[in-house]
Structures are given as C-alpha cells and as structure tokens.
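Asks: structure of the sequence below:
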Amino acid sequence: MVERMNHVQSRRLTQEAGDTYQRALTGGVFYVLAWLVVGFYGGAFTRAPLTSWLLVMVFVGLTIARFAHRLIPGVDDAGHLRWLRWHWGIVVLTTTVWGGVFCWALLDPGFGGARTAALLSTLGLATAAAHAFSMRRGFALSSISVLYLPGLFVLWTDPADRAIALVMSIYLVYVLISLVRSHAEYQQRLDLDQELRDQRDLFAQQSKIDPLTELANRRYFSHVLAEATTHATRTGEPLTLLVLDLDHFKKINDTHGHAVGDACLVAIAGRLRSVFSDEGDLAARLGGEEFGVVLSGQDLATASGRAERFRENLAQHPIALNNGAPEGLVLAITASIGIAEFDKAIHRDVDELYSAADSAVYRAKATGRNRVCRDDESTLAAAESIP
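Replies: The predicted structure follows:
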C-alpha cells in the first residue's frame, strides 16, 4: 500500500513538473512585450536608455532560461523537487523585476499615459499567474505578491490614486480567489488522471488474469508463449511447454457441485503458483480443468523433473477444501501432464508446439492418467491410476 502511494505521488510530481515547464514557456515573452510597450510609449528608452535596454536583456534572458531549464528524464522525486524550485525561482525573479518596473512607471511622471499600460499589464500578468501557475499555491502567491503589491502600495500612498488603489485591491481579491479555485481544479484534474490510469491498469490486469484462479488467462498465456517462441527461435535458448489436465474432474463437479469444483481449481492454481514461480515461468488456466505452464530458458529434462515433482506432490497430498466446500472435505486429485520442448526444426509455429504438448496429455490419459508424458512419447514416470 505504501509503495503504491509513493508511486502515485511520484507520478503526480512528474506531471506537475511537466505542466510547470509547459505553462511557463510562453509567459516570459509577454513580460518582454509588456515592457517594450510601456518603455517606448513612456519615453523610458529616451530618458534612461541603459536601464531600459538592461531590462529588455533581463526579461529576454529570463524567457530563454524558461526554455533552457528543461526537465531531466529519469530523475527521482528529489530531483523533480529541485527542478521545480529552480524553475519557480526563474518565474518569481521575472515577476519581481516586473514589480520594480511597475513601481518605476507609477513614480516617474515621465511615463505619462504609459502608466495605464503598466497598470493593465500588471493586472493581466497577475491573472495569468493565478491561472497558469496554480499547481503550487505558495509559489504562485509569492510571484503574484512581488509583481502586484509594491505597485499597489505606491498607489495607496498617493491620495490622487486612491480610487485606482481600491479597484486594484478589489481585483487582487478576485485574483486570489481565482488562484484557490484554479489550484483545486488542477488537483481534481490530477485525481481524475490518476483514476483513469488506475482503471486502465485494472482493465489491463483483468485482461491478463483468470478471475477464478488469478492465474494468467488463456489470452495472455498465448501472447507470452508466442513471444517466448520468437525469442527461442532468435536466440536458440530452450523453451518448454507444460499442459496439465486434472483427472476425472467432471466426477467432482457431478458429486460435490460446481462450488467445490471451483474451490479445487483455486487450490490447484495455488500449488502451480508456488511450484512454478521462477523467472521465466508463467502458469495459466487455459479453460475448465486445463492448465498450462510456459518455462522459458529450461530444457526438456529440467522441465520434466519439475513436472514430475508437481505430479507426485499433488497425488500424495490430497486437497483440503474450506471455501465453497463442506467442512472437512478432502479430495484426492491427480493430473495428467504433457510436455513439449520447442524445436524450430520441428515446430513451425507456436500452435504446433502447443499441439505437441496437448497430444502428450492425451497419451498420459490414454495410458492410465496420473503421469507425465513427453511429446517424444516416452513416459517419464507413472503411478497407479487413482480413479
């Protein structure tokens, strides 16, 4: 549970970093444009050319920094947090510089009518910050504060600008409400994205799993077997297939009912899962009382030994049933197992490999059941048939 929560948190952090980068890309350009309009129409480039052009360079440099400070693929959560702090540093530095520009435009009478342009730009940039950078309220509030509050303070100090200061104060409340609402909507979007991912993962998992036994289902088994066959053809590594059929299973259903039969299948699946759990093993329910095991990287001799040990253990240890069965019910169950090793000179495709193992199962049943047979028709071991 903790591991899953950490995975979800990591995914959200990655999403946040990506959104922050994308949303910050275009913002820097508007600071450059806003200053060019305010500076040129306010005569700043004539009165203070050095400062004015220096501001252009600063805004352009910060805009380039937003593009250049890219996400590093594959970093951990700590790396994403460091990246976010640096990127937010670029954003906050940009808004801080604009806060100074706004104060300059308000305090210097030479700006004249360009003060209105500076005022409107400040309102627009603050609104954009509230909506675009709502991922982290603390950072967003910091950027809005340094952009907005210095100029607002200047307006309140001049009695002639009190009306404008009041309107800006009211508008600031709107900006802050927008920030809170945008933050909530962003978090809801992340939650919805996570729910969709969870549903996708669940559906993907369910498409691979047999709902009764929780082993792989036939569809996923066929997919894995096909890939393993392709790999074995390319590399020459051994590949062996086991097909297992429970003996006289219909009698169990007829005598005790399908609930008991299902309980038996679940118990058999548990034993398969415990025995065939090595890397490269895949146990699956193929349908009814038939199971299959893909053994990648294992030759016929090794696979035969493992199959025989499973058969012996099943025959010697009857299954005690609890769920779905009368209390204390113990059933002796045996299995007939067929084994085939992939040989690209013999098996032209995966269907021929499966057919070879399936034919070996039929020989095991025809020769008395409760035994392991290979597709070369040799019987590895046999036991007295348990009817």
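
Asks: buried residues, the one helix or strand residue 11 maps to. List them.
Replies: Counting by DSSP states H and E, the element that carries residue 11 is helix 2-24. Across helix 2-24, burial judged by 16 or more other CB atoms under 10 Å covers 12, 13, 15, 16, 17, 19, 20, 21, 23, 24. For glycine as for every other residue, the C-beta is placed from the backbone atoms N, C-alpha and C.

Asks: what packs against it?
Replies: Helix 2-24 is packed against helix 77-107, helix 162-206, with contacts defined by 3 or more CB pairs under 8 Å, 6 or more residues apart in numbering; DSSP states H and E.

Asks: redo that, cut-off 6 Å
Replies: Other helices and strands packing on helix 2-24, by 3 or more CB pairs under 6 Å, 6 or more residues apart in numbering; DSSP states H and E, are helix 77-107.

Asks: got the angle between the helix it packs on and helix 162-206?
Replies: 160 degrees (axes from the mean of the first three to the mean of the last three CA atoms, to 10 degrees).

Asks: between the following helix or strand past helix 77-107 and helix 162-206, how many degrees?
Replies: Downstream of helix 77-107, the first helix or strand assigned by DSSP H and E is helix 114-132. Helix 114-132 and helix 162-206 are oriented at 20 degrees to each other (the same axes, to 10 degrees).

Asks: so what secondary structure elements neighbour the following helix or strand past the helix holding residue 11?
Replies: Going down the chain from helix 2-24, the next helix or strand is helix 27-41, by DSSP H and E. The contact analysis (3+ CB pairs under 6 Å, 6+ apart) places helix 27-41 against helix 49-68, helix 77-107, helix 114-132.

Asks: dump these to a markdown table, plus distance to residue 267.
Replies: Converted to a markdown table, the helices and strands packed on helix 27-41 look like this (distance: least, CB to CB, whole Å):
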| stretch | distance to residue 267 |
| --- | --- |
| helix 49-68 | 61 |
| helix 77-107 | 42 |
| helix 114-132 | 58 |
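
Asks: distance of residue 63 from residue 254?
Replies: 78 Å (CB to CB, to the nearest Å).

Asks: revised request: answer the last question for residue 10.
Replies: For residue 10 relative to residue 254 (CB to CB), the value is 52 Å.

Asks: swap in residue 194?
Replies: 48 Å.

Asks: so, low pLDDT: which residues of the protein?
Replies: 1-7, 322-328, 377-387 (pLDDT under 70).

Asks: domain ranges for it, per the record?
Replies: By the assignment in automatic domain parsing, the chain contains the domains 2-203, 218-382.

Asks: looking at those domains, which is closest to residue 210?
Replies: Among the domains of the chain, domain 218-382 comes nearest to residue 210, with 4.3 Å by CB to CB.

Asks: sorry, back to before: which of residue 63 and residue 254 has more neighbours?
Replies: residue 63 (21 against 11; other CB atoms under 10 Å).

Asks: could you check how far the closest residue to that one other than its chain neighbours is from residue 202?
Replies: The shortest distance from residue 63 to any non-neighbouring residue, by CB to CB, 6 or more residues apart in numbering, is to residue 28 (3.0 Å). Taking CB to CB as the measure, residue 28 falls 41 Å from residue 202.

Asks: looking at the two, which one has more neighbours?
Replies: residue 28 (21 against 10).

Asks: from residue 58, how far out is that one?
Replies: From residue 28 to residue 58 the distance is 11 Å (CB to CB).

Asks: next: residue 110.
Replies: Per CB to CB, residue 110 is found 21 Å from residue 58.

Asks: do residue 274 as well
Replies: Distance from residue 274 to residue 58, by CB to CB: 67 Å.

Asks: same deal with residue 117?
Replies: 19 Å.

Asks: again with residue 282
Replies: 61 Å.

Asks: just to revisit the earlier point, let me know which of the domains of the chain is tucked in deepest.
Replies: Comparing those by mean neighbour count (mean count of other CB atoms under 10 Å), domain 218-382 ranks first with a mean of 18.

Asks: how near is the residue lying closest to residue 310 once chain neighbours are set aside to residue 170?
Replies: Excluding its sequence neighbours, the residue lying closest to residue 310 (CB to CB, 6+ apart) is residue 275, at 5.0 Å. Using CB to CB, residue 275 is found at 73 Å from residue 170.

Asks: dig out what residue 337 forms beta bridges with.
Replies: Going by DSSP bridges, residue 337 is paired in beta bridges with residue 244, residue 372.

Asks: quick one: it and residue 372 touch, right?
Replies: Yes. Counting by CB atoms under 6 Å, residue 372 is a contact partner of residue 337 at 4.6 Å.

Asks: so what sits against both of the two?
Replies: Shared contacts of residue 337 and residue 372 (CB atoms under 6 Å, 6 or more residues apart in numbering): 307, 311.

Asks: how about the helices in the stretch 251-387 of the chain?
Replies: For the stretch 251-387 of the chain, the helices defined by DSSP state H, counting those that start in this stretch occupy 258-275, 300-316, 350-366.

Asks: distance to residue 34 added to those helices, as JSON lines?
Replies: What follows is the helices of the stretch 251-387 of the chain, written out as JSON lines (distance: least, CB to CB, whole Å):
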{"stretch": "helix 258-275", "distance to residue 34": "65"}
{"stretch": "helix 300-316", "distance to residue 34": "73"}
{"stretch": "helix 350-366", "distance to residue 34": "65"}
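
Asks: who wins for proximity to residue 122 among those helices?
Replies: Short answer: helix 258-275, nearest of the helices of the stretch 251-387 of the chain by CB to CB, at 65.1 Å.

Asks: what's the angle from that closest one to helix 300-316?
Replies: Using the same axes, to 10 degrees: helix 258-275 against helix 300-316 is 140 degrees.

Asks: how far does helix 258-275 sit from its chain's centre?
Replies: 32 Å (CA atoms, centre = their mean, to the nearest Å).

Asks: same deal with stretch 120-128?
Replies: For stretch 120-128, the distance to the chain centre is 36 Å (CA atoms, centre = their mean).

Asks: check stretch 281-301 too.
Replies: Per CA atoms, centre = their mean, the centroid offset for stretch 281-301 relative to its chain is 29 Å.
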